[in-house]
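Visitor: Give me a model of this one.
(one chain, ligands or ions: 1)
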Amino acid sequence: MKNLVLYLAGSLLLMFGNNSFLMSNNKKMITKDINLAVQQIGRQVDIIEQSSTFLNPRTVNDNKIQYIPSDDWTSGFFPGTMWHMYDLTGAEKWKKYAVKYTLRLDSIKYMTCHHDIGFIIGCSYGNAYRITKNPTYKAVIIEAAKSLSTRFRPAAGVIQSWDENRGWQAKRAWMCPVIIDNMMNLELLFKASDLSGDASFKKIAISHADQTMVNHFRKDYSCYHVVDYDKVKGGVRSKCTAQGYSNESAWARGQAWALYGYTICYRETKDKKYLDFVSRIYNYIFSNKNMPDDLVPYWDFNAPNIPNEPRDASAAAVMASALYELSTLGKPEYKKTADKIMESLSGPAYLAIVGTNSNFLLMHSVGSIPHGNEIDVPLNYADYYFLEALAKKRNLEKH
Ligand code: GLY
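Guide: Below is the predicted model of the structure:
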């Protein structure tokens with residue numbers, strides 16, 4: 001009996017001892033990452049503030065920071081990064097920049113020429129409203145949702161992502177191309193319905209999510225990048241890729257957008273079918289034989305020269321952020337996976353030393369290999385989702 005008591009006491013000590021060790025390591029990692037971000041992102045802001053124009057950093061090209069105009073699909077991420085920095089540090093200086101850079105995107109609320117208004121306004125004004133609850137941000141979110149809704153094609157039941165007759169996609173003879181990335185833009189519509197009381201935005205979001213479930217996914221729950229619909233008669237014309245390795249391959253960031261997109265759908269509707277679906281997407285991604293041990297995927301799960309293919313840290317960061325949220329929505333076991341991704345991204349293989357990597361946080365992301373663009377580079381959205389995941393992790397570790 002005495003031995004049993006000693007054994008139980010020893011086991012408890014070991015259990016709690018280990019747990020608190022893990023907790024303190026987690027907290028140390030979070031503090032280290034925040035301190036590094038304060039310095040590194042601070043250097044980006046210094047450059048912007050010293051210039052006389054609005055510079056919005058996206059990536060690095062030929063060793064030069066590439067700044068982008070407000071209608072670029074990534075223009076909301078840097079203002080959103082400011083909001084994450086404010087959220088993570090509580091320092092007013094970040095709020096000042098967050099407000100200033102967010103307001104510079106005001107005119108985008110009227111943009112109807114592509115679907116990325118969801119990313120742009122969601123990451124800037126969406127975070128602004130989430131964090132401050134200032135009603136002046138509401139009107140922009142609702143106006144932007146109206147603009148996005150103009151791209152809804154009722155016959156097909158989806159939002160058209162890209163115009164079929166503009167830019168490089170004009171060469172593909174598509175009629176109504178929808179990319180899996182579009183799932184991320186639905187958050188703007190859900191939020192706009194909540195804020196305005198107008199259910200039509202939410203209805204469009206649900207229609208898009210449901211059509212995408214039926215048409216974008218294969219039997220193994222990997223997804224196509226592009227599905228082209230017939231916007232007059234409805235129905236699917238073709239399924240293919242733009243940024244993946246091949247039409248039948250699983251482009252890593254596309255799988256990440258799908259995971260995050262259906263997480264949003266479950267959060268906003270509480271419809272269990274989305275949670276079931278997202279768990280199947282999870283299984284595809286994290287049981288994949290080509291997923292490396294550090295859980296930072298190659299740019300495409302079917303890239304031909306794995307393991308000699310570039311990784312995509314941006315996809316890993318998007319996945320981590322989605323998984324932290326899912327861990328609070330009935331999938332607590334996913335937190336371990338998110339923690340493992342964050343441990344990798346916070347290590348020297350991916351997180352840059354202050355003053356290197358052109359002042360971006362993460363190294364080793366991929367924009368689009370088929371277009372020969374942004375291969376093994378830093379990207380503003382990798383940093384954005386990394387900080388978002390870090391803030392979610394910090395909140396979870398508090399409990
Ligand atoms: N939404 C474009 C991309 O993920 O590259």
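Visitor: okay, CA-based contacts and neighbour counts for the rest of this
Guide: Noted.
Visitor: Could you find the closest non-adjacent residue to the spatially most central residue of the chain?
Guide: Centroid check for the chain by Cα atoms, centre = their mean gives Val318 as the closest residue, at 4.0 Å. The shortest distance from Val318 to any non-neighbouring residue, by Cα to Cα, 6 or more residues apart in numbering, is to Tyr385 (5.4 Å).
Visitor: Hmm, the one you found is touching Ala317, no?
Guide: Yes. With contact defined as Cα atoms under 8 Å, Tyr385 counts as touching Ala317 (5.3 Å).
Visitor: for stretch 363-373, which positions count as buried?
Guide: Using 16 or more other Cα atoms under 10 Å as the burial criterion, the residues of stretch 363-373 that qualify are 363-369.
Visitor: ok, Tyr385 and Ala317, which is more surrounded?
Guide: Ala317 (29 against 24; other Cα atoms under 10 Å).
Visitor: before we move on, the earlier item: now do the one helix or strand the residue nearest to Val318 maps to: which elements does it pack against?
Guide: Assigned by DSSP states H and E, Tyr385 belongs to helix 380-398. Here helix 380-398 touches helix 2-50, strand 57-61, helix 77-89, helix 313-327, helix 334-345, going by 3 or more Cα pairs under 8 Å, 6 or more residues apart in numbering; DSSP states H and E.
Visitor: now for these, which one comes closest to Cys223?
Guide: Comparing the helices and strands packed on helix 380-398 against Cys223 with Cα to Cα, the closest turns out to be helix 313-327 (14.3 Å).
Visitor: quick check: angle from that closest one to helix 334-345?
Guide: Following axes from the mean of the first three to the mean of the last three Cα atoms, to 10 degrees, one obtains 150 degrees for the angle between helix 313-327 and helix 334-345.
Visitor: can you list the residues that contact stretch 236-251?
Guide: Outside stretch 236-251, the residues that touch it by Cα atoms under 8 Å, 6 or more residues apart in numbering are 215-216, 222-230, 252, 299-303, 368-371.
Visitor: Now, the residues you listed that are in helices?
Guide: 215, 252 (DSSP state H).
Visitor: Among the contacts of stretch 236-251, the buried ones, what's the PyMOL command?
Guide: To isolate the buried ones among the contacts of stretch 236-251 in PyMOL, judged by 16+ other Cα under 10 Å, type:
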select buried, resi 215+216+222+223+224+225+226+227+228+229+230+252+299+300+301+302+303+368+369
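Visitor: Same question for His208, what's its three-state structure.
Guide: In terms of secondary structure, His208 is helix; the call rests on DSSP: H, G, I helix; E, B strand; the rest coil.
Visitor: Restrict the helix holding Tyr385 to CA atoms and write it as PDB.
Guide: This file holds the C-alpha atoms of helix 380-398, laid out as PDB (Å, rounded to 0.1, in the frame of the first residue of the first chain):
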ATOM      1  CA  ASN A 380       3.900  39.300 -45.800                       C
ATOM      2  CA  TYR A 381       1.100  36.800 -45.300                       C
ATOM      3  CA  ALA A 382       3.400  34.200 -43.900                       C
ATOM      4  CA  ASP A 383       4.300  36.800 -41.200                       C
ATOM      5  CA  TYR A 384       0.700  37.800 -40.700                       C
ATOM      6  CA  TYR A 385      -0.600  34.300 -40.100                       C
ATOM      7  CA  PHE A 386       2.400  33.400 -38.000                       C
ATOM      8  CA  LEU A 387       1.600  36.400 -35.600                       C
ATOM      9  CA  GLU A 388      -2.100  35.500 -35.700                       C
ATOM     10  CA  ALA A 389      -1.200  32.000 -34.700                       C
ATOM     11  CA  LEU A 390       1.100  33.300 -32.000                       C
ATOM     12  CA  ALA A 391      -1.600  35.500 -30.500                       C
ATOM     13  CA  LYS A 392      -4.000  32.500 -30.500                       C
ATOM     14  CA  LYS A 393      -1.400  30.300 -28.800                       C
ATOM     15  CA  ARG A 394      -0.600  33.000 -26.200                       C
ATOM     16  CA  ASN A 395      -4.300  33.200 -25.400                       C
ATOM     17  CA  LEU A 396      -4.600  29.400 -25.000                       C
ATOM     18  CA  GLU A 397      -1.500  29.200 -22.800                       C
ATOM     19  CA  LYS A 398      -2.900  31.800 -20.500                       C
END
